[in-house]
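S.K.: okay, here's the prediction I keep looking at, along with the sequence it came from:
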Amino acid sequence: MYPDQSGYLPAQRAVTVHQPQPLTPYDPGPTMAMDPYGERQTVVWVPDAYGRMVPMPKHLAPAPVLAPEPRDLTPLPLLDPLAQRFMGAGLGGGALAAGVGYGVGEIVSAAAGISGGALVWVAVIVLALRAPARAISGGKGNTVNIRKAVIKRNHFHG
């Protein structure tokens with residue numbers, strides 16, 4: 001046998017066997033320092049990242065979520081009452097003309113913004129849509145003529 005790192009042979013080591021003493025059923029166990037009831041901090045239960053409820057000291061807990069103010073869900077009138085009054089007083093014609101004038105101005109400004117390149121592309125698209133299918137396929141037509149002749153002869157008694 002060879003000695004281990006401590007220099008002793010394995011047969012020379014002392015062997016101790018632990019024999020635990022049986023505990024009584026109501027043994028309080030080892031005594032530990034208990035904090036008095038008044039010094040305990042309040043514990044609250046909060047959800048963690050996985051939805052489980054975990055205890056947390058109240059002073060470390062996040063602030064509670066405040067409920068939003070209730071919304072006014074009463075239905076609004078179909079037409080604006082102020083606009084109805086203006087139309088009733090005869091002021092709507094000017095507003096209508098102003099709206100039409102604004103729309104015409106938008107169309108004119110959009111037409112002024114079209115460049116020459118955009119017009120060329122529009123012309124190419126129009127020509128491509130109007131070209132016949134034969135011109136696109138190189139002159140080869142793929143027309144199929146189907147002829148069916150039905151001949152029926154009736155012979156009555158002979």
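M.R.: Here it is on my side, so go on.

S.K.: what segments of this structure are helices?
M.R.: 81-89, 92-112, 116-130, 133-136 (DSSP state H).

S.K.: what is the burial count for Val44?
M.R.: 15 (other Cβ atoms under 10 Å). Where you see a C-beta, it was placed from the backbone N, CA and C, and this is true even at glycine.

S.K.: follow-up on the earlier one: mean pLDDT lowest for which of the helices of the chain?
M.R.: Between the helices of the chain, the one with the least mean pLDDT is helix 133-136; it has a mean of 60.

S.K.: just to revisit the earlier point, redo the helices of the chain as JSON lines? Include distance to Ala149 and mean neighbour count.
M.R.: Listed next are the helices of the chain as JSON lines, based on distance: least, Cβ to Cβ, whole Å; neighbours: other Cβ atoms under 10 Å:
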{"stretch": "helix 81-89", "distance to Ala149": "73", "mean neighbour count": "11"}
{"stretch": "helix 92-112", "distance to Ala149": "59", "mean neighbour count": "10"}
{"stretch": "helix 116-130", "distance to Ala149": "38", "mean neighbour count": "9"}
{"stretch": "helix 133-136", "distance to Ala149": "29", "mean neighbour count": "10"}
